[in-house]
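**Student:** can't give you the sequence, but here's the structure:
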């Protein structure tokens, strides 16, 4: 299993584009410097001739080969040193004429030592997550559009002031997104439907993604269906591997835990995702409309203990905002 064909194609196109761009920019710098400093043009010519002379020596392979190789090596080092000194004299860094690859490990080829370079893996994961997020509402929600006025003047069944409680949750989520790092905690949002869990989780996703982190957002049910289809060979793209993408995302946001039907495969997959990301220190945000009692009834102790023991619990309160908005639109 691996990433989708589209993700591979986009990653290959990106590393090729990076390499061409870096090498083109390097040629432009060389042309500029050779026009400005003719001595460097001559030294570059000598370096080019060294490569030709080396090929001739290898083909000739006579008794003086070692001596001639040493002479070529010394001349090569002399030319490189002289170029560096001339660049410094004219106010340029000594490595100004080196190719500035985005990834110095593989020189923007995506492969090093016969294996996939880390830069190529990062691109694969980035593009795979973008595919997963393509149908999400991430662009539709932000912290600026979240209104606390829907909670003002309301108390929950325990007498908690909803406005004060949700103000704290809003501030926590906004601060979490603005300061997100690989060391950020996990979050478990719990509460009845329509209380703002999806809005705030999408706002976190949007902000964290805009800060450059690879963020996967989607409903638990949709992800599980994709993983199930791939696991049993029913996926449209045989190379797709949603599970790998979810495990490798910088931030994973699972919406509506508990909406999926009961299945041993689904339960095992949910535990695998939660447990693996905890073990590798990857932050996860989960939301659920189920109550604590309903969660304990639906899931086994392994899943419940991992969530309640390692996630920051945000308990949402208030009245169904969707219904309030619906009534407002009817009364206009």
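**Tutor:** Thanks, I have it. Just so you know, these numbers come straight off a predicted model, no measurement behind them.
**Student:** which residues in this structure form strands?
**Tutor:** Remark: strands of the chain, listed N- to C-terminal, are 111-112, 115-116, 186-190, 215-219, 251-255, 284-288, 311-315; assignment by DSSP state E.
**Student:** Residue nearest the middle of the chain, spatially speaking?
**Tutor:** Within the chain, the residue whose C-alpha comes closest to the C-alpha centroid is residue 214; the distance, by Cα atoms, centre = their mean, is 2.4 Å.
**Student:** State the distance from it to residue 320.
**Tutor:** Spatial separation of residue 214 from residue 320 under the definition Cβ to Cβ, to the nearest Å is 33 Å. All C-beta spots, glycine's among them, are computed from the backbone N, C-alpha and C.
**Student:** Give me the buried positions along the longest helix along the chain.
**Tutor:** Looking only at the chain and at elements set by DSSP state H, the helix with the highest residue count is helix 5-36. Counting neighbours by 16 or more other Cβ atoms under 10 Å, one finds that the buried residues in helix 5-36 are 7-8, 10-11, 14-15, 18-19, 22, 26, 29-30, 33-34.
**Student:** Out of the strands of the chain, the one nearest residue 160 is which?
**Tutor:** Of all the strands of the chain, it is strand 311-315 that lies closest to residue 160, at 9.0 Å by Cβ to Cβ.
**Student:** in that closest one, what's buried?
**Tutor:** Applying a neighbour-count criterion of 16+ other Cβ under 10 Å, one finds 311, 314 buried in strand 311-315.
**Student:** Pairing partners for that strand, with directions?
**Tutor:** Applying DSSP bridges to the sheet, strand 311-315 is found paired with strand 186-190 (parallel).
**Student:** can you list the residues that contact the partner strand?
**Tutor:** Judged by Cβ atoms under 8 Å, 6 or more residues apart in numbering, the contacts made with strand 186-190 from elsewhere in the structure are 173, 176, 197, 200-201, 277-278, 283-288, 290-292, 295, 307-308, 310-316.
**Student:** related to what we said a few turns ago, out of the strands of the chain, the one nearest residue 300 is which?
**Tutor:** Of the strands of the chain, nearest to residue 300 by Cβ to Cβ is strand 284-288, at 15.5 Å.
**Student:** helices or strands next to the closest one in the packing?
**Tutor:** Helices and strands touching strand 284-288, by 3 or more Cβ pairs under 8 Å, 6 or more residues apart in numbering; DSSP states H and E, are strand 186-190, helix 197-210, strand 251-255, helix 264-279.
**Student:** Show me the contact partners of the last one.
**Tutor:** Meaning helix 264-279. 186, 220, 224, 227-228, 231, 243, 246-247, 252, 254, 257, 260, 283-284, 286, 299-300, 302-303, 306-307, 310.
**Student:** Now do residue 326, the pLDDT please.
**Tutor:** The predicted local distance difference test score for residue 326 is 74.
**Student:** show me the contacts for it.
**Tutor:** Applying Cβ under 8 Å, 6+ apart to residue 326 gives no contacts.
**Student:** separation between it and residue 249?
**Tutor:** In this structure, residue 326 and residue 249 are separated by 34 Å, where distance is defined by Cβ to Cβ.
**Student:** Name the spans of the stretch 201-332 of the chain whose pLDDT lies under the cut-off.
**Tutor:** Low-confidence segments of the stretch 201-332 of the chain, defined by pLDDT under 70, span residues 328-332.
**Student:** ok, now with 80
**Tutor:** Applying pLDDT under 80 to the stretch 201-332 of the chain flags the ranges 235-240, 324-332.
**Student:** Can you turn the buried part of the contacts of helix 264-279 into a PyMOL selection?
**Tutor:** Restricted to the buried members of the contacts of helix 264-279, where burial is judged by 16+ other Cβ under 10 Å, the PyMOL selection command reads as follows:
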select buried, resi 186+220+224+227+228+243+246+247+252+254+257+260+283+284+286+299+303+306+307
